[in-house]
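Visitor: Quick one, what's the 3D model for this:
(one chain, ligands or ions: 2)
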Amino acid sequence: MPNNFTAELFAEAELQQAPRTEQVGPQAFVLRGFALPWIERLVPALRSVLRAAPFRQMVTPGGFTMSVGLSSCGQLGWTTDRSGYRYTGIDPQSGQPWPAMPEAFRELAQAAATEASFPDFAPDACLINHYVPGARMSLHQDKNERDFSAPIVSVSLGLPAVFQLGGEQRGDRPLRVPLQHGDVLVWGGVDRLRYHGVLPLKDGTHPLLGPRRINLTFRHAG
Ligand code: SIN
Ligand code: FE2
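Guide: Ligands and ions are numbered 1, 2, ... in the order given. So this is what the prediction gives:
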């Protein structure tokens, strides 16, 4: 009896730790807690990327200043200004190439893509989004990449958020997907061009990252 009890407790603990996969589309998956084993390597790597390429608030072609702060690492970084959205090899703020993609970032992105049945993912861009309470990202498609055969791998860190996963038309009613620290969302294939966004971040303070949410999105852009 005591042995069984211990075994049961152990099984339960294991279940809680094991990443849970939730399918949110034919080729879209939430990998719960998938990034947690990488956190100790991700955070210092993130800090050093941000020293070289700090968050900045960009302006959309329509003239709106984004509430989300942005940076990038990897061969290509995403920028927007009055002349449009695009990927560049140079950070327009520093005039230098974007910081290299840290090895821990790449490993996590590839492992998550593989887990979601995209085994050949070779990210060349990682966008880094910084949300403070109240910041949001309105519904959009990721379509500045050269081809859409590679998935998008999105890693949530810090405060929780509600991700909206819509359909291929802007007017399609979006699914609300709550995302926590360490969750990874992967969407590709037939789901690659679905509209998506993030609802305004609620107030709070995350024990590791403070009053913010940081999202890493990995793409094959070039
Ligand atoms: C994005 O769509 O680029 C960001 C999504 C997120 O912050 O979860
Ligand atoms: Fe996006």
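
Visitor: Tell me how far the residue lying closest to residue 189 once chain neighbours are set aside lies from residue 66.
Guide: Once flanking residues are discounted, residue 189 sits nearest to residue 27: 3.5 Å by Cβ to Cβ, 6 or more residues apart in numbering. For every residue, glycine as well, the C-beta is placed using N, CA and C. From residue 27 across to residue 66, the span is 28 Å (Cβ to Cβ, to the nearest Å).

Visitor: picking up where we left off before, neighbours of the residue nearest to residue 189, just the number please.
Guide: By other Cβ atoms under 10 Å, 18 other residues sit near residue 27.

Visitor: who touches it in this structure?
Guide: 116-117, 151, 187-192 (Cβ atoms under 8 Å, 6 or more residues apart in numbering).

Visitor: just for this structure, where's the confidence low?
Guide: The chain contains residues with pLDDT under 70 at 1-19.

Visitor: Return the residues of it in contact with ligand 1.
Guide: 127, 129, 137, 154, 163, 196, 198, 215, 217 (Cβ under 6 Å from any ligand atom).

Visitor: Of those, which is the nearest to ligand 1?
Guide: residue 215 (3.4 Å; Cβ to the nearest ligand atom).

Visitor: So the closest one: helix, strand or coil?
Guide: strand (DSSP: H, G, I helix; E, B strand; the rest coil).

Visitor: Any idea what it is bridged to?
Guide: residue 129, residue 156 (DSSP bridges).

Visitor: of the contacts of residue 27, buried ones?
Guide: 116, 151, 187-189, 191-192 (16 or more other Cβ atoms under 10 Å).

Visitor: Of these, which pair is most distant in space?
Guide: The span of those, defined through Cβ to Cβ, is set by 116 and 192 at 12.1 Å.

Visitor: list residues touching both of these two?
Guide: Joint contacts of residue 116 and residue 192 (Cβ under 8 Å, 6+ apart) are 27, 151.

Visitor: ok, the residue nearest to residue 189 to ligand 1 distance?
Guide: Taking Cβ to the nearest ligand atom, to the nearest Å as the measure, residue 27 falls 17 Å from ligand 1.

Visitor: next one: residue 90
Guide: 21 Å.

Visitor: so where does the most centrally placed residue in the chain fall, helix or strand?
Guide: Nearest residue to the geometric centre of the chain (Cα atoms, centre = their mean): residue 154, 2.5 Å. Assigned by DSSP states H and E, residue 154 falls within strand 152-158.

Visitor: What residues sit buried inside stretch 195-202?
Guide: Applying 16+ other Cβ under 10 Å to stretch 195-202 flags 195-196, 198, 201 as buried.

Visitor: now swap in stretch 200-217 and tell me
Guide: For stretch 200-217, using 16+ other Cβ under 10 Å, the buried residues are 201, 206, 209, 212-217.

Visitor: Contacts for it next, please.
Guide: In contact with stretch 200-217 (Cβ under 8 Å, 6+ apart) are residues 39, 43, 46, 105, 109, 126-136, 142, 152-161, 181, 198.

Visitor: Buried ones among those residues?
Guide: 46, 105, 109, 126-131, 135-136, 142, 152-159, 161, 181, 198.
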